[in-house]
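> my questions concern the predicted model and sequence given below.
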Amino acid sequence: MKKIIIAIDGFSSCGKSTMAKALARNIGYLYFDSGAMYRAVALYCMQNGLINDKKIDIETLRNRMKDIHITFEADPETKNSLTYLNGVNVEHEIRSLEVSQIVSQVAALDFVRSEMIDQQRAMGEQKGIVMDGRDIGTTVFPNAEMKVFVTASAEVRAQRRYDELIARGDDAKFQDILDNVLQRDHIDQTREVSPLKQADDAILLDNSDMTREEQMERLMEIFKNLTA
Ligand code: DC
């Protein structure tokens with residue numbers, strides 16, 4: 001069966017990663033989380049004193065880009081993909097609310113995006129990948145054979161994110177999460193470089209009222225039609 005590239009884009013916290021991971025597992029493809037790469041750059045900024053008053057020291061970051069190496073490795077037990085920043089597993093740290101609060105600023109920088117996009121394209125050279133993000137179907141892989149654009153209401157997304165943070169033991173307030181979701185939507189959609197938008201040839205999937213099983217059925221149906 002021919003291998004294809006699957007691009008899954010959409011709003012933050014609408015379950016893209018969980019969905020993309022499960023799809024990759026079902027069809028034996030490699031999964032790449034492009035948001036994790038922007039999160040790792042944001043974490044680098046936090047760990048290296050490049051954030052002052054919630055603002056990034058852009059010039060220092062520009063000079064440091066060559067020192068930031070992001071890689072993925074499979075967890076030996078769960079087989080889930082783990083994000084490494086300069087050789088250190090940062091999978092947990094990059095999911096904190098602190099990182100979420102600055103990552104959109106980092107992802108709006110053109111020199112960060114061009115570096116990440118080069119790395120993402122290299123990951124897709126062999127095909128047989130599922131990558132999720134915001135601009136995968138529009139900019140990174142405009143010729144991807146399968147493109148899905150995922151959305152859900154802001155309240156549903158904030159509730160899911162809240163449940164996730166509480167489950168991992170973080171102290172979170174629903175209203176803060178909802179504010180963060182809305183703020184990130186705004187920055188992601190209005191930034192100059194690669195703004196979040198549905199590719200003309202992407203299939204829209206609103207999962208506000210869908211179970212994970214229903215969602216997977218729909219994805220498998222799309223995949224089978226494209227590769228049959
Ligand atoms: O999917 P996520 O919430 O982990 O993404 C983190 C941030 O990175 C989010 O603010 C949008 C940005 N991002 C992006 O600009 N382009 C991508 N391809 C993936 C994520």
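Now that the structure is in, tell me what you want to look at.

> identify the residues contacting the residue positioned nearest the centre of the chain.
Centrality entry for the chain: nearest residue to the mean C-alpha point is Gly35, 2.9 Å, by C-alpha atoms, centre = their mean. For Gly35, the contact set (C-beta atoms under 8 Å, 6 or more residues apart in numbering) comprises 12, 17, 103, 132-134. From N, CA and C alone the C-beta is placed, and that goes for glycine too.

> so which of those reach the ligand?
The subset of those lying close to the ligand, counting by C-beta under 6 Å from any ligand atom, consists of 12, 103, 133-134.

> quick one: buried residues of the helix or strand harbouring the residue nearest to the centre of the chain?
With secondary structure defined by DSSP states H and E, Gly35 is part of helix 34-47. In terms of neighbour count (16 or more other C-beta atoms under 10 Å), helix 34-47 has its buried residues at 34-46.

> also stretch 49-65?
50-51, 56, 61.

> so how many other residues sit close to Ala202?
Close neighbours of Ala202, defined as other C-beta atoms under 10 Å, add up to 21.

> ah, wrong one, I meant Met1
So Met1, with other C-beta under 10 Å, has 9 neighbours.

> could you find the closest non-adjacent residue to it?
Ranked by C-beta to C-beta, 6 or more residues apart in numbering and with sequence neighbours excluded, the top spatial neighbour of Met1 is Thr227, at 5.6 Å.

> in this structure that neighbour contacts Ile5, no?
No: look at Thr227 against Ile5 with C-beta atoms under 8 Å: they stay out of range, at 11.7 Å.

> higher neighbour count, those two?
Neighbours were counted for Thr227 and for Ile5 using other C-beta under 10 Å; Ile5 has more, 23 against 13.

> isn't the more buried one right next to Glu125, touching?
No: using C-beta under 8 Å, Ile5 makes no contact with Glu125, being 9.9 Å away.

> next one: Ile222 from the ligand, what distance?
Ile222 sits 20 Å away from the ligand, taking C-beta to the nearest ligand atom, to the nearest Å as the criterion.

> likewise for Ile4?
19 Å.

> what about that residue, neighbour count?
Other residues lying near Ile4 total 18 when counted by other C-beta under 10 Å.

> in this structure, what residue spans correspond to helices?
Taking DSSP state H to define them, one finds helices in the chain at 16-27, 34-47, 58-64, 97-107, 110-123, 154-167, 174-190, 212-227.

> most tightly packed of those?
The highest average neighbour count among the helices of the chain, using mean count of other C-beta atoms under 10 Å, belongs to helix 34-47 at a mean of 23.

> and the closest residue to Leu204 other than its chain neighbours, what does it touch?
With sequence-adjacent residues excluded and distances taken as C-beta to C-beta, 6+ apart, Leu204 is closest to Phe149, at 5.3 Å. By C-beta under 8 Å, 6+ apart, the contact list for Phe149 reads 9-10, 137, 198-199, 202-205.

> neighbour-wise, which one of the residues you listed leads?
Among the contacts of Phe149, Gly137 has more neighbours than the rest - 29 neighbours, counting by other C-beta under 10 Å.
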